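Participant: the following comprises the amino acid sequence and a computationally predicted model.
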Amino acid sequence: MIRVLASRWQGSVLVCGKCSKKLGGGFGEKGRTPLAKMLRAVLGLKKGRKAGRGVVEVKCLGICPKNAVVTLDGARPDRWLLVPAGADASEVVATLTER
């Protein structure tokens, strides 16, 4: 039996977990915060399907840039972003949300 659950997500962001792990965080004030955690904090998201937008850390997206993390906005799958380590949180959010 397949069950369907409703969520409040209006979009999703995929973040490469392998890239994040290679950087050892790379974001935030001290450079130790993973990108996915930083995005959730900056966007003020709740946990799970109660959030307004989903930030999902996936295994590997297959690009593997040096000193950057690959992200993908689910609403714009034609545009993959390479976010360099130490990038400003507001700049990352602005780039992800622009149409």
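Facilitator: It's in.

Participant: just grab the bridge partners of residue 13 for me.
Facilitator: Per DSSP bridges, the residues bridged to residue 13 are residue 55, residue 73.

Participant: and it, how far from residue 2?
Facilitator: Computed with CB to CB, to the nearest Å, the distance linking residue 13 and residue 2 is 26 Å. Using the backbone N, CA and C atoms, a C-beta is placed for each residue, glycine as well.

Participant: again, but for residue 21
Facilitator: Residue 21 is 33 Å from residue 2, by CB to CB.

Participant: and residue 70, by the same measure?
Facilitator: 31 Å.

Participant: quick one: the strands in this protein, in order.
Facilitator: Along the chain, counting by DSSP state E, strands occupy 12-16, 54-58, 68-73, 80-84.

Participant: partners of the closest residue to residue 38 other than its chain neighbours in the sheet?
Facilitator: Nearest residue to residue 38, sequence neighbours excluded (CB to CB, 6 or more residues apart in numbering): residue 27, at 4.6 Å. Beta bridges link residue 27 to residue 33, judged by DSSP bridges.

Participant: isn't residue 27 up against residue 88?
Facilitator: No: using CB atoms under 8 Å, residue 27 makes no contact with residue 88, being 9.3 Å away.
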